[in-house]
Every structure is written in structure tokens, then in C-alpha cells.
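# output the structure for:
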Amino acid sequence: MRLSKLFKNAPTVNITGLCFDSRQVKKGNIYFCLPGMTFDGHDFIDQAIDKGAICIVHSKILEKTDANVIYIQVENVTEALNICARIFYGRPSDKMMMYGVTGTNGKSTITNIIQAILNPYKPCGYIGTIAIRYGDIHLAPDLTTPDVLFLHQKLADMVRVGMKACALEVSSHGLAQHRVDAIQFDCAIFTNFTYDHLDFHGTFENYFEAKSLLFKERVKSTGVSILNMDDDKYEDLKQISRARVVTYGIKNKADYYAKDLKLTPHESRFTLVYDQKEYRVVTNMVALYNVYNLLAAIAALHETGMDLEIILAACDSLPQIEGRMEQIDCGQDFHVIVDFAHTPDGMEKMMKFGRDIARDNNLIAVFGSAGKRDIAKRKVFGEIAEEYCDYIILTEDDPRDESSADIARQIKEGIKTKTNIFIPDRYEAIRQAVQYAKAGDVILLLGKGDEVFMYHESGRVPWIGDNNAAKECIEERLS
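Residues are numbered from 1 along each chain as shown. Purely as a prediction, here's the structure:
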């Protein structure tokens with residue numbers, strides 16, 4: 001592509017690619033000097049030129065320049081990167097129906113439901129915490145919301161293989177760091193707003209402000225905002241949404257309203273009220289919070305043109321979402337459930353569900369808390385476990401350069417009476433829970449979901465995944 005197509009009045013030289021990491025620059029690339037939390041891209045211009053960059057996009061005044069390199073000064077390098085990425089990759093998000101889901105919990109579930117129901121009728125890709133999927137392609141996840149260049153590259157690949165829609169998890173980090181600034185969403189979905197990521201955002205106000213950008217700036221004015229009417233932040237989002245607002249809920253009579261709920265360990269039944277008509281819904285998704293997730297997906301799909309009867313017919317046999325309320329059944333006489341829950345709200349919802357299933361039997365929880373993340377929530381985890389669980393096994397969960405034992409001690413500050421032990425090795429912790437469980441007991445494996453890596457001080461290392469570890473440990477016990 002010609003540089004002049006990306007920047008007005010720029011020379012008509014050919015550009016081979018875009019890059020903001022000087023270590024990855026290739027010959028003929030544009031190098032964008034992005035500001036960062038730790039490093040400033042302006043400090044690595046020489047390295048980028050040595051590797052073959054022929055154009056430098058910068059915002060600061062440069063003390064020295066190279067006569068063989070083109071320099072373009074802009075006010076905002078991040079904004080320029082977004083604009084250039086969109087053009088360079090052929091404006092891929094303009095060629096698909098774009099669904100963006102944000103909120104503290106539920107993003108993965110809603111985006112996966114949307115893909116599963118829509119895909120047979122309109123090929124739909126997915127990008128998020130669990131994976132990157134489109135057509136026959138299934139890739140490991142990058143970040144919940146990938147960086148600007150990776151994101152547009154994958155969206156362009158989706159268009160190339162025939163995708164007509166994309167369901168994208170939009171994290172608060174992704175919004176705050178402007179990773180989706182060049183995308184206009186046809187449908188923006190809000191799940192809920194609870195405690196999380198204060199290590200990054202600093203305050204609840206900053207955290208909410210980041211979330212709200214999806215509805216204030218990123219959704220098309222001709223699109224639709226799907227809002228949870230039961231959440232405390234509903235009114236605030238309704239006021240700022242640039243698109244028309246459609247609601248879902250259970251406590252309040254929203255546009256898509258669920259009543260007469262009957263929840264069991266294996267299915268959920270409810271009556272959907274929409275446009276003064278009632279529809280019976282049966283789904284293999286379980287737990288109250290998943291009824292909310294399903295309502296959000298139903299509303300999003302129907303409001304973007306899909307027939308409601310077709311949507312509801314697909315709800316009874318939705319694919320199991322790996323690591324999200326994943327029930328591990330190897331023929332054992334006790335329950336094992338794997339979930340990604342890693343926030344106080346997510347933990348409490350999972351433990352309440354586990355308590356409801358266990359009834360008079362034991363509820364056993366295996367979890368930890370991530371190193372270098374939200375230290376204040378560790379004691380809260382302990383308090384929640386104290387309320388719902390009978391036995392608590394604390395273990396590692398992405399400790400990074402912190403001690404798992406120190407993290408466990410902080411969680412234990414919230415545990416007053418319930419039996420608890422610390423087993424540093426996560427596999428052994430899961431094994432101990434499985435060996436201990438009796439008929440009818442419920443084991444919750446929380447925090448990692450289906451993730452196949454663990455962050456230690458040395459960096460990212462392989463991990464078998466809680467679901468696979470559970471299967472191995474159950475089969476060992478049964479044998």
C-alpha cells in the first residue's frame with residue numbers, strides 16, 4: 001500500500017506493513033512511536049530504522065533524523081495507528097455485523113452464544129478470552145481485546161474467509177488503551193458492573209468510564225445498545241448511549257424480560273416476555289447469571305435482524321463453553337465444575353450456585369488469586385468462601401513474581417471458621433479435592449477456566465487447564 005493512502009500529502013512510497021514494536025519491524029514498515037505505561041516508543045526509533053523502517057510516525061520533536069527515512073509528526077500516535085490499521089487492512093469491521101460485549105462478567109459467554117446461534121445463518125467469528133475462531137480456524141487467545149494491529153489483521157482474515165459477523169469481547173483495558181477506536185459496532189452489549197481491575201484503573205469511576213466508552217463513542221448512532229436493566233449502572237449508560245437502547249432483565253420488566261424461572265443443575269426454564277407476548281424457553285445453560293447472559297444474547301440477535309423463534313429454538317442445546325460453568329462428568333458420583341470466575345461477583349455467583357446444588361452435601365472450592373492484580377479482593381475471596389463453602393483448598397493462580405503462599409495468607413484473612421489448606425501446586429490441589437469428595441459433593445475449580453498457561457516469575461508457562469486436570473484426577477480415582 002502507498003504511504004499517501006494513509007497520510008495526506010505523504011510521498012507515494014510503498015509500505016509493507018505497520019508496526020509499533022521496534023523488535024518486530026520488517027523492511028519497508030511504518031514504525032509508530034506509541035507512548036506506554038513503562039516504555040516510550042520514541043526511545044526505540046534507531047532500532048526500528050536499523051531493522052528497516054522507512055517511515056516514523058511520532059508526536060514528539062526529534063533531535064535527530066535520518067535522510068533516508070520519512071518522518072510524520074502527529075498530535076496523537078495512537079489515533080494515527082488506529083486510522084492507519086483500519087485503512088491498511090481494508091476496513092474489515094465495516095464489512096461485518098460487529099457485536100461488542102463489555103462488563104465485568106459474562107463477556108465470553110455472551111459472545112460465544114451469539115456466535116453459536118448466528119453462525120449457521122450468517123458466518124460469525126469470535127475474538128476473546130477463550131479463543132479466536134472463524135470458519136475452520138481456531139487460534140489460541142491473545143488478550144481479551146487484542147492490540148490494534150493484531151485485531152484488524154484478524155478481522156481482515158475473517159472477511160477473507162467469508163465471515164459476515166464478529167462477536168468481540170471488549171475489555172475495559174481494551175477501551176481505555178484505545179484498541180477498538182477504529183471500530184464502529186452495530187450492537188454494543190453491557191453485562192454488569194462490579195469490582196475488578198482497580199489495579200489498572202485506580203478507581204471505580206475510571207473503570208466505569210472505560211466501560212462506558214463502548215456506548216458513548218464506539219457504537220454506531222444507527223446501532224443498538226443492549227443494557228442490563230437490573231444493574232445499578234443502567235440509567236447512567238442509558239443517558240450516554242449514542243444508539244437506541246434496548247433492555248433485558250429479570251427483576252425489572254425490561255424489553256426482554258424473564259419470569260417464572262425454574263433452575264436445576266442441568267437446565268434452566270423460563271418465560272420470555274417480549275412485545276407483550278410470552279415464549280417458553282428451555283436451555284441447557286444453568287445458573288441465574290447465565291439466564292442474564294442468554295437474555296442479552298437473545299436481545300442482541302433479535303434486534304440485529306434474526307428471527308426470535310429461530311433464536312429460542314437454538315437455546316436448548318447450546319455448545320458447552322470451555323472453562324465457563326463447565327461441568328466435568330466422567331461417571332463420578334459427585335459434581336465437578338470449572339469456571340473462570342476471578343472477581344468477587346463471579347466468585348459469589350459460582351459459590352451460591354454450588355451451594356444450591358450441594359444442598360446438605362459438601363461444597364469444596366479450589367482457587368487462588370492472581371499475583372500483581374487487585375490485592376484488596378483477596379480477603380474478599382476468603383469472606384465469600386467462608387459464607388458458602390465447607391472445605392477450601394487455596395492454590396496458585398498466575399502468581400507472577402509474588403509468593404503463592406503469601407497470596408493464600410491474604411485470602412485466609414477472610415476465612416474465620418471453615419476448614420482450609422494451602423497446596424501450592426494447582427494440579428495436586430485439584431487432585432486432593434477429587435480424592436476427598438464424597439457422593440453428592442460439589443467441587444468448584446475457579447479462576448483459570450480452560451486456560452492452558454500459568455504466569456510465574458519466569459513468564460508464561462504451560463498449564464494443563466483446570467478442565468483437563470479434573471478429568472485426569474477423576475479418572476485416576478475411578479480406576
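# mind checking the end-to-end distance for stretch 239-257?
Using CA to CA, to the nearest Å, the end-to-end distance of stretch 239-257 comes to 21 Å.
# how far does that stretch sit from the chain's center?
A distance of 22 Å separates the C-alpha centroid of stretch 239-257 from that of its chain, computed with CA atoms, centre = their mean, to the nearest Å.
# identify the residues contacting the closest residue to I127 other than its chain neighbours.
Take I127 and drop its neighbours on the chain: the residue closest to it by CB to CB, 6 or more residues apart in numbering is L168, 5.0 Å away. C-betas here are computed from N, CA, C, even on glycine. With contact taken as CB atoms under 8 Å, 6 or more residues apart in numbering, L168 is in contact with 98-101, 111, 126-128, 145, 180, 183, 185.
# got these as CSV, with pLDDT and neighbour count columns?
Shown next, in CSV, are the contacts of L168 (pLDDT from 0 to 100; neighbours: other CB atoms under 10 Å):
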residue, pLDDT, neighbour count
M98, 98, 25
Y99, 98, 29
G100, 97, 31
V101, 96, 31
T111, 97, 29
Y126, 97, 25
I127, 96, 28
G128, 92, 26
T145, 71, 25
V180, 93, 27
I183, 95, 26
F185, 97, 26
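# how's the protein carved up into domains?
Per automatic domain parsing, the structural domains of the chain span 3-88, 92-317, 326-478.
# quick revisit: helix, strand, or coil at the residue nearest to I127?
strand (DSSP: H, G, I helix; E, B strand; the rest coil).
# report the helix or strand with the lowest average pLDDT across this protein.
In the chain, no helix or strand scores lower on mean pLDDT, DSSP states H and E than helix 198-201, which sits at a mean of 49.
# before we go further, H42 is sitting in a strand, right?
No. Applying three-state DSSP, one finds H42 to be helix, outside a strand.
# can you tell me how far the nearest residue to it once chain neighbours are set aside is from W463?
Using CB to CB, 6+ apart and skipping residues adjacent in sequence, the residue nearest H42 is C33, 4.4 Å away. Relative to W463, C33 is positioned 36 Å away (CB to CB, to the nearest Å).
# please identify which of those two sits among more neighbours.
Comparing C33 with W463 by other CB atoms under 10 Å, the one with more neighbours is C33, at 24 against 19.
# the more buried one touches C55, doesn't it?
No. The pair C33 / C55 is not scored as a contact, 11.2 Å apart, by CB atoms under 8 Å.
# just give me the longest strand of this protein.
strand 219-228 (DSSP state E).
# who does that strand pair up with?
Strand 219-228 has the following strand partners under DSSP bridges: strand 185-190 (parallel), strand 244-249 (parallel).
# list the buried residues in the following helix or strand past it.
Per DSSP states H and E, strand 219-228 leads on to helix 234-240 as the next helix or strand towards the C-terminus. For helix 234-240, burial by neighbour count (16 or more other CB atoms under 10 Å) applies to 234, 237.
# show me what helix 234-240 is packed up against.
helix 204-213, strand 219-228, strand 244-249 (3 or more CB pairs under 8 Å, 6 or more residues apart in numbering; DSSP states H and E).
# burial of P35, as a residue count?
P35: 13 neighbours (other CB under 10 Å).
# with the one 4 residues further on instead?
Counted with other CB under 10 Å, residues neighbouring F39 total 11.
# what helix or strand is G174 located in?
Per DSSP H and E: helix 172-176 holds G174.
# also I45?
Going by DSSP H and E, I45 is in helix 45-50.
# off-centre distance for that helix?
Distance of helix 45-50 from the chain centroid (CA atoms, centre = their mean) equals 34 Å.
# go on, stretch 465-474?
Distance, centroid of stretch 465-474 to centroid of chain: 23 Å (CA atoms, centre = their mean).
# next, count neighbours for the closest residue to E396 other than its chain neighbours.
Take E396 and drop its neighbours on the chain: the residue closest to it by CB to CB, 6+ apart is S404, 4.3 Å away. Counted with other CB under 10 Å, residues neighbouring S404 total 22.
# so H58 sits against I70, correct?
No. With contact defined as CB under 8 Å, H58 does not count as touching I70 (11.2 Å).
# for the residue of the chain most remote from its centre, what are phi and psi?
The outermost residue of the chain, judged against the average C-alpha position, is A67 (44.6 Å), by CA atoms, centre = their mean. Dihedral pair for A67: phi -60, psi -20, per degrees, to the nearest 10.
# and the pLDDT at it?
pLDDT for A67: 94.
# that one: what's it in contact with?
Counted by CB under 8 Å, 6+ apart, A67 has zero contacts.
# same check, this time on the one 5 residues further on
Contacts for I72 (CB under 8 Å, 6+ apart) come out as 7, 10, 55-58, 80.
# quick one: which of the residues you listed sit in helices?
Cross-referencing these against helices under DSSP state H gives A80.
# report the two of the contacts of I72 separated the most.
Farthest-apart pair in those is A10 and H58; separation 14.0 Å (CB to CB).
# between these two, which is the more surrounded one?
It is H58, of A10 and H58, that has more neighbours when counted by other CB under 10 Å, with 19 against 16.
# OK, contacts around the closest residue in space to the more buried one that isn't next to it in sequence?
Nearest residue to H58 in three dimensions, chain neighbours excluded: C33, at 4.4 Å (CB to CB, 6+ apart). Going by CB under 8 Å, 6+ apart, C33 touches 20, 40-42, 44-45, 56-60, 77.
# now do C33, the pLDDT please.
96.
# could you list the low-pLDDT ranges of the stretch 51-200 of the chain?
In the predicted model of the stretch 51-200 of the chain, residues 142-144, 195-200 satisfy pLDDT under 70.
# which residues touch R400?
If you count contacts by CB under 8 Å, 6+ apart, R400 has them with 370-372, 455-457.
# could you export those residues as TSV, including distance to L312 and pLDDT?
Putting the contacts of R400 into TSV (distance: CB to CB, whole Å; pLDDT from 0 to 100) gives the following:
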residue	distance to L312	pLDDT
A370	38	93
G371	43	92
K372	43	86
Y455	40	93
H456	45	94
E457	49	91
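# tell me which of these fall in strands.
Mapping the contacts of R400 onto strands (DSSP E) picks out 455-456.
# verify the contact between N29 and L18 for me.
Yes. Contact criterion CB under 8 Å: N29 and L18 qualify, at 6.7 Å.
# pLDDT score for the nearest residue to M454 once chain neighbours are set aside?
Once flanking residues are discounted, M454 sits nearest to W463: 4.1 Å by CB to CB, 6+ apart. With respect to pLDDT, W463 scores 95.
# next, count neighbours for I250.
So I250, with other CB under 10 Å, has 18 neighbours.
# I should have written R359 there, sorry.
By other CB under 10 Å, the residues close to R359 number 9.
# so what's it up against?
G440.
# gap between it and H335?
The value you get for R359 to H335, if CB to CB is used, is 11 Å.
# tell me the buried residues in the host helix or strand of K471?
Using DSSP H and E, K471 sits in helix 466-478. Neighbour-count burial for helix 466-478, counted by 16+ other CB under 10 Å, picks out 466-467, 469-474.
# same deal with stretch 401-410?
Neighbour-count burial for stretch 401-410, counted by 16+ other CB under 10 Å, picks out 402, 404, 407-408, 410.
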